[in-house]
Every structure is written in C-alpha cells, then in structure tokens.
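Visitor: Give the three-dimensional model of this entry:
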Amino acid sequence: MIVRSLMEIQNTDRDVTGRSGNWTSRRLLLKEDGMGFSLHDTVIRAGTETPIWYKNHLEAVYCIEGSGEIELVEKSGIIPIRPGTMYALNNHDRHILRAKTDLRLVCVFNPALTGREDHDKDGAYPLMEN
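Guide: Model prediction:
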C-alpha cells in the first residue's frame, strides 16, 4: 500500500512548478509507484492562460477549488470550470486553460508521468522512460 500526504511531498522533487510559472503540480503518484497512472494535486495561478495539448497522454481533471475555463482550440466552445467539474481529455484535445482565480485540480495521467515533465513548445508532456 502506498500512503503519501500532500504535506510530505511539498518542497521535494515531487513538487514541480512549470517553467511558465503558471502552475505547480504536487505529484502524489508517479510511474515509479507502479500504478499505471499518475495522480497530481495541481494549482493553476489566477490570471494565467496555458496552452495545452497532451498528445502523448490522456488526462482526467477534477476541480476542487477556484474558477476558470477551457477553450477548445480545434472546436468552438468554452467550458466553465468550477468546484465539482470534471473533464477528461479523451481525444488529446488542444485547449487553452484559463484561471480566473487560483484553480486547484486533481489530475490523473495515463501513461503515468515520471515527475520531471514540463510542457514543451506544443503544450505537451514528452514520453519519458524513467
């Protein structure tokens, strides 16, 4: 059994802030944990806009705090995000994530992240072996 608290991973190598400064991801489960997916407690900073295209991963997101929106790039539409909203990027959708207030999100990735990933020029996480 794996038991891990948010408090114990803060300020460790599992507490990752993106180069953009738009987000911090506290990575509770990673590939090395052997679960087949990774689990993250992520904060998206208020007033930021982050272009994302997870072409190598599937992601499910559940909002537990804050408000924002997703704009779908290849389809018209803006989806509001608030506590209780879940969205799943089952088609590797290109999107722009906007945070009106700090957003706190629980995110699940498949395949699992290794912990070192940051968005590349396309807004994707690369596939990493370790």
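
Visitor: got a list of what the residue nearest the centre of the chain touches?
Guide: Most central residue of the chain, judged by C-alpha distance to the mean C-alpha position with CA atoms, centre = their mean, is Cys107 at 5.2 Å. The contact partners of Cys107, by CB atoms under 8 Å, 6 or more residues apart in numbering, come to 25, 39-40, 42, 59-62. In short, each C-beta sits where N, CA and C put it, glycine included.

Visitor: go on, Leu72?
Guide: So, once contact is read as CB under 8 Å, 6+ apart, Leu72 ends up touching 78-79, 93-95.

Visitor: Show me the shaky parts of this protein.
Guide: Scanning the chain for pLDDT under 70 picks out 126, 128-130.

Visitor: which stretches of this structure form helices?
Guide: For the chain, the helices defined by DSSP state H cover 6-9.

Visitor: So among the contacts of Cys107, which ones count as buried?
Guide: When the contacts of Cys107 are checked for burial by 16 or more other CB atoms under 10 Å, the buried set is 25, 39-40, 42, 59, 61.

Visitor: Which one of those residues is nearest to Asp15?
Guide: Within the set of the buried ones among the contacts of Cys107, Ser25 lies nearest Asp15; the separation is 8.0 Å, counting by CB to CB.

Visitor: From Met1, how far out is that closest one?
Guide: Ser25 sits 23 Å away from Met1, going by CB to CB, to the nearest Å.

Visitor: what's the answer for Thr85, then?
Guide: 30 Å.
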